[in-house]
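Asker: build me a model from this:
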Amino acid sequence: MTGNTYHRAPDTLGEAPPGCPVQHKWSPLDDDYLTDPYPIASRLRDEHPVFYAERLDHVVVTKMDDIETVFLNPDVFASTNVQDPIYPLADEAAAILGADDFDPIAVMSNRPEPDHGRIRVYTRQGFSNRRLKSLEDYMRDRATVLLDQMIERGSPAEYVRALAFPLPAEIVFRFIGFPPEDDAMIKSWCSNRKAFSWGEPTPAEQVAIAEGMLDYWRYCRDFVAQRRDERADDFCSELLDAHEADPDPSNGTGISYREVESVVYGISFAGHDPVTALLCNTLLCLLPRRDQWDALVADPSLAAAAVDETLRYESSQISWRRITTQPTTLGGVELPAGTRLLLNFAAANHEPDLFDAPETFDVHRANANRHISFGKGIHHCLGSGLARMEARIALELLSQRLPSLRLADGQHLDYFPNITFRGPDALELEWDET
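Answerer: The predicted structure is shown next:
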């Protein structure tokens, strides 16, 4: 593997484990899968619950039980590859990321135990109920302002640009402590991370993305240094307080200064891009089903249930990754150490043994929260509560302010080509103006 400890690219692609069923043609980057992954994922699950995808060089795991086994056994199935590029990097991009000062380290999603647990103590405190509650009023106020502006501009509206992109980005940036005047610059740096770690960018695209990643890392380091000298009521300051109280991780409890920098670097993308997709996907599920939308209009308390059913039915995250640390067996297939795994949430969240009529979207589904879209175990998504809250608030406001809201006719939805995150690049909405 090449690269630093946060993003390590493979040197070459491998081959199927002996005896593992092989899919020679399928890739999650295929156009038909990007357009609608669910019927294809279900077919693949029914053919072989565990198989090797040759074009991806990953063993694909499709059944909920097997995926949960992976998540609940982190010593055997490590998370160290979740931020890594799928394919080898172009030399030009690797050279940019080889800069002496580009040195973020793995901290949360891609840090193994025991260090993951040590760092999570501090990051979990930042996502406490107290801080989420303090953010809720700001979240609702900001969503209201964005919605007011969208309504004032009139129907139709493009929802990603109007609300679904700015709201999550601004929420996580205020949470970290970034100043509002830097929002546009930060968004431009983060926008192409999906391609770098979860797509197949061209060499030229890799270079542009790498340059943005280097600029953003330098920005994060400068910001943390500024907060070190001038604290505020934000997540970065809390991490720095924790660092000063216990700066030596070698004792098993502290958090280092470099780890503080790296947490800030990593959390910004995770905290906004997938949430943008979730905000759009809730509307893609609800608006064509007028009985479901009308039920929400009549009873906005259904918003929380609608969010969980969306996470099951049309998740903003349809896969995640792991790598084996030792020889093991999964789903009856023997896997050597170093096997890269793709955990296919799209297949597991539509598993008929777990969900009655899984291809039906139902806001009244009793076990919708059985989905696996936020992971499970020690690496369960730290921001799941924040994401749910943002999506719930957006649905509550939209359903009450715009009960006639609907998808614009004739639009074609485009999805950014990557193996994990799923949401439309743009979403046109209409409503009856009064």
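
Asker: residues contacting the residue nearest to Arg401 when sequence neighbours are not counted?
Answerer: Distance criterion C-beta to C-beta, 6 or more residues apart in numbering; nearest residue to Arg401, sequence neighbours excluded, is Leu147 at 6.2 Å. (Glycine included, C-beta is placed from N, CA and C.) By C-beta atoms under 8 Å, 6 or more residues apart in numbering, the residues touching Leu147 are 163, 397-398, 401.

Asker: adding neighbour count and distance to Leu97, write those out as CSV.
Answerer: Formatted as CSV, those follow (neighbours: other C-beta atoms under 10 Å; distance: C-beta to C-beta, whole Å):
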residue, neighbour count, distance to Leu97
Leu163, 25, 33
Leu397, 19, 41
Leu398, 28, 40
Arg401, 14, 45
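
Asker: and the gap between the residue nearest to Arg401 and Ile372?
Answerer: Noted for Leu147: a distance of 31 Å to Ile372, by C-beta to C-beta, to the nearest Å.

Asker: likewise for Leu343?
Answerer: According to C-beta to C-beta, Leu343 and Ile372 sit 8 Å apart.

Asker: spit out the contact partners of Glu47.
Answerer: Neighbouring residues of Glu47 by C-beta under 8 Å, 6+ apart: Pro21.

Asker: for this protein, which helix is longest?
Answerer: In the chain, taking DSSP state H as the definition, the longest helix is helix 203-229.

Asker: average model confidence for whichever strand or helix holds Asp294?
Answerer: Per DSSP states H and E: Asp294 is located in helix 290-298. Averaged over helix 290-298, pLDDT sits at 98.

Asker: go on, stretch 247-259?
Answerer: 92.

Asker: and stretch 129-140, by the same measure?
Answerer: 82.

Asker: do the same with stretch 186-201
Answerer: Mean predicted confidence for stretch 186-201 is 85.

Asker: contacting residues for Thr69?
Answerer: Thr69 sits in contact with Leu330, where contact means C-beta under 8 Å, 6+ apart.

Asker: do you know the pLDDT at it?
Answerer: Looking at Thr69, its pLDDT reads 98.

Asker: and it, how close does it get to Val61?
Answerer: Distance of Thr69 to Val61, computed by C-beta to C-beta: 9 Å.

Asker: and the strands in the stretch 151-300 of the chain?
Answerer: 157-158 (DSSP state E, counting those that start in this stretch).

Asker: helices of that one, start to end?
Answerer: Using DSSP state H, counting those that start in this stretch, the helices of the stretch 151-300 of the chain run over 159, 166-176, 183-190, 193-198, 203-229, 235-245, 257-270, 273-286, 290-298.

Asker: for Arg392, which of those helices is the nearest?
Answerer: Arg392 sits nearest to helix 273-286 of all those, at 9.1 Å, using C-beta to C-beta.

Asker: what residues are shared contacts of Thr69 and Val61?
Answerer: Residues touching both Thr69 and Val61 by C-beta under 8 Å, 6+ apart: Leu330.

Asker: so for the protein, which residue is the most central one in space?
Answerer: Geometric centre of the chain, nearest residue: Pro274, 4.3 Å, by C-alpha atoms, centre = their mean.

Asker: any weak-confidence spans in this structure?
Answerer: Within the chain, the stretches with pLDDT under 70 are 1-5, 191, 269-271.

Asker: give me the three-state assignment for the residue nearest to Arg401.
Answerer: helix (DSSP: H, G, I helix; E, B strand; the rest coil).

Asker: can you start the count at 193 instead of 1 from here on
Answerer: OK, 193 is where the count begins now, so the last one is Leu339.

Asker: measure it to Ile378 for me?
Answerer: To Ile378, Leu339 is 23 Å away according to C-beta to C-beta.

Asker: what's the answer for Phe388, then?
Answerer: Phe388 sits at a distance of 16 Å from Ile378 (criterion: C-beta to C-beta).

Asker: what does Arg366 give?
Answerer: Plainly put, Arg366 is 12 Å away from Ile378 if you go by C-beta to C-beta.

Asker: these two: which has the busier surroundings?
Answerer: Neighbour totals were compared for Arg366 and Ile378, and Ile378 leads with 23 against 18 (other C-beta atoms under 10 Å).

Asker: show me what contacts the more buried one?
Answerer: Going by C-beta under 8 Å, 6+ apart, Ile378 touches 361, 365, 370, 408, 411, 460.

Asker: number of residues surrounding the fourth one?
Answerer: To tie it back to what came earlier, the one meant is Tyr408. Neighbours of Tyr408 (other C-beta under 10 Å): 20.

Asker: what residues are up against it?
Answerer: 378, 381-382, 457, 460.
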